[in-house]
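> this is a predicted model, with the sequence first.
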Amino acid sequence: MYLIKRIFNPEIFQGKYRHNNYFEGWYYKIIDKASENIIAVIPGVAVSKNRGHSFIQFIDAKTGFTEYFNFPRKEFSYSERELEISIMDNYFSRAGMRLELNSQNTSIYGEIDFTDIVPFPKSLLNPGIMGPYSFVPFMECHHGIINIHSRLKGFINYNGKHIAFNEGSGYVEKDWGKSFPHSWIWLQCNSFKTRDTSLMFSIASIPWLGREFDGLIAFLKVGGSFFRFATYTGARLKCLKIHEKILNIEVEDRKSVLCLKVAVGGGGMLKAPKKGLMEVEITESITSTVEVLLVEKPGKIIFHDTGENTGLELAGNFKKFAI
């Protein structure tokens, strides 16, 4: 039953029977009402042949400060029915998180509740953002979107600084598998002037059965409208140009064109998995900006706005995607 349930519920822990070369991590992004504090928290587990551990990564977007909290593997526990994981005194679910983190130089504690949650839409053939690829075996990395958007209630105390997140915004996604792709571009934003708007875009070089292909997944939610662009929907990358700190992207399908112009902001260092071990370092920004233009063919503008506090990763040989 669990093997079937996990496919149609990508948010829950997927690794019950994976004890070698495996990772799984959830990405929680929270922004206060004034956008003065932007924090990402990434709980997860990593296992390899003779070793394994659970972890929580913390990133303060404004300062670029990051810290990796390492815990014994046995401190990680989970529910098979819903997204509910615990790492020592830290707790994470679809509805929020509770933090109790301490190191030699860092003290973090607090509790955040998510309200007015907008989940990622599911169907029988599309149980998550990966669509029919959710059913493909031997994929090295899987991606899942959990909360497209939510309101926040609660606080975090970070080295004595009390940060209130009431009426702020939240986002939750995850990755799991053996290793991250060789190269990728990922961005996400839900801080637009237009209410109830959220964006995610990713393109990655994905190894599969000894070969490699570029996979595209993206969505734009505006109010009650949801636009999905993906390799499996027939969408294709029309343009991708990188010049200095400006990234221009155009994605099209038979109905519309999605144009993104990203100003790359500063970031902090995070650890990423390779063969189940958190041994790769990547830079993630949560202070980039993205201008979004959605045009319905032949030329009708559906949406145009600029989002702040954009999460952005440019990893590996990401320039290979340039067109």
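Structure received.
> how many other residues sit next to the closest residue in space to Glu167 that isn't next to it in sequence?
Distances taken as CB to CB, 6 or more residues apart in numbering put Lys33 closest to Glu167, at 4.4 Å, once the chain neighbours are dropped. (C-beta placed from N, C-alpha, C; glycine too.) For Lys33, the neighbour count with other CB atoms under 10 Å is 14.
> ok, Lys33 - contacts?
Counting by CB atoms under 8 Å, 6 or more residues apart in numbering, Lys33 touches 165-168.
> now swap in Cys259 and tell me
248-250, 292-295.
> quick one: buried ones out of these?
249-250, 292-295 (16 or more other CB atoms under 10 Å).
> and the strands in the stretch 101-250 of the chain?
107-119, 141-158, 161-164, 169-177, 184-189, 197-208, 211-222, 225-230, 236-243, 246-252 (DSSP state E, counting those that start in this stretch).
> tell me the mean pLDDT over the third one?
I take that to be strand 161-164. Averaging pLDDT along strand 161-164 yields 94.
> and it, what other elements does it pack with?
The contact analysis (3 or more CB pairs under 8 Å, 6 or more residues apart in numbering; DSSP states H and E) places strand 161-164 against strand 141-158.
> for burial, what's the neighbour tally of the residue lying closest to Phe219 once chain neighbours are set aside?
Among residues not flanking Phe219 along the chain, Arg228 sits closest, at 5.0 Å (CB to CB, 6+ apart). Neighbours of Arg228 under the rule other CB under 10 Å: 17.
> again with Ala164
With other CB under 10 Å as criterion, Ala164 counts 16.
> one more: Gly266?
Applying other CB under 10 Å, we find 14 residues neighbouring Gly266.
> in stretch 6-23, what's buried?
So stretch 6-23, judged by 16+ other CB under 10 Å, has buried residues 6, 9-15, 18, 21-23.
> same question for stretch 285-302.
285-290, 292-295.
> and those, which is closest to Lys193?
Nearest to Lys193 among the buried residues of stretch 285-302 is Val292, at 11.0 Å by CB to CB.
> Glu291 contacts Lys261, doesn't it?
Yes. The criterion here is CB atoms under 8 Å, and Glu291 meets it with Lys261 at 4.2 Å.
> for Ile30, phi and psi?
Dihedral angles of Ile30 (phi, psi; degrees, to the nearest 10) stand at phi -130, psi 140.
> could you pick out the longest strand of this structure?
strand 277-296 (DSSP state E).
> in its sheet, what does it sit against?
The pairing partners recorded for strand 277-296 under DSSP bridges are strand 256-263 (antiparallel), strand 267-274 (antiparallel), strand 300-315 (antiparallel).
> list the buried residues for the last one?
Neighbour-count burial for strand 300-315, with 16+ other CB under 10 Å as criterion, is recorded at 303, 305-315.
> repeat that for stretch 80-90.
83-88, 90.
> quick one, what contacts the residue most central in space within the chain?
A centroid search over the chain (CA atoms, centre = their mean) returns Glu173, at 4.3 Å, as the residue closest to the centre. Applying CB under 8 Å, 6+ apart, we find Glu173 in contact with 26-27, 143-146, 188, 200.
> I figured Ser103 hits Tyr68, correct?
No. With contacts defined as CB under 8 Å, Ser103 does not count as touching Tyr68, sitting 9.3 Å away.
> the two - which one has more neighbours?
Tyr68 (15 against 12).
> pretty sure the more buried one is touching Gly268, no?
No. Under the criterion of CB under 8 Å, Tyr68 makes no contact with Gly268, lying 11.0 Å away.
> among the buried residues of stretch 6-23, which ones are in helices?
Arg6 (DSSP state H).
> which of the buried residues of stretch 6-23 sit farthest apart?
Asn9 and Asn21 (23.2 Å).
> next, the angle from the helix or strand bottoming out on mean pLDDT in the chain to strand 169-177.
Ranking every helix and strand in the chain by mean pLDDT, DSSP states H and E puts strand 267-274 at the bottom, with a mean of 71. Angle, strand 267-274 to strand 169-177, by axes from the mean of the first three to the mean of the last three CA atoms, to 10 degrees: 30 degrees.
> could you dump the buried ones among the contacts of Cys259 into JSON lines and include distance to Pro181?
Shown next, in JSON lines, are those (distance: CB to CB, whole Å):
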{"residue": "Ile249", "distance to Pro181": "17"}
{"residue": "Glu250", "distance to Pro181": "21"}
{"residue": "Val292", "distance to Pro181": "24"}
{"residue": "Leu293", "distance to Pro181": "27"}
{"residue": "Leu294", "distance to Pro181": "26"}
{"residue": "Val295", "distance to Pro181": "29"}
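> could you dump those into JSON lines and include pLDDT?
Converted to JSON lines, the buried ones among the contacts of Cys259 look like this (pLDDT from 0 to 100):
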{"residue": "Ile249", "pLDDT": "97"}
{"residue": "Glu250", "pLDDT": "97"}
{"residue": "Val292", "pLDDT": "98"}
{"residue": "Leu293", "pLDDT": "97"}
{"residue": "Leu294", "pLDDT": "97"}
{"residue": "Val295", "pLDDT": "97"}
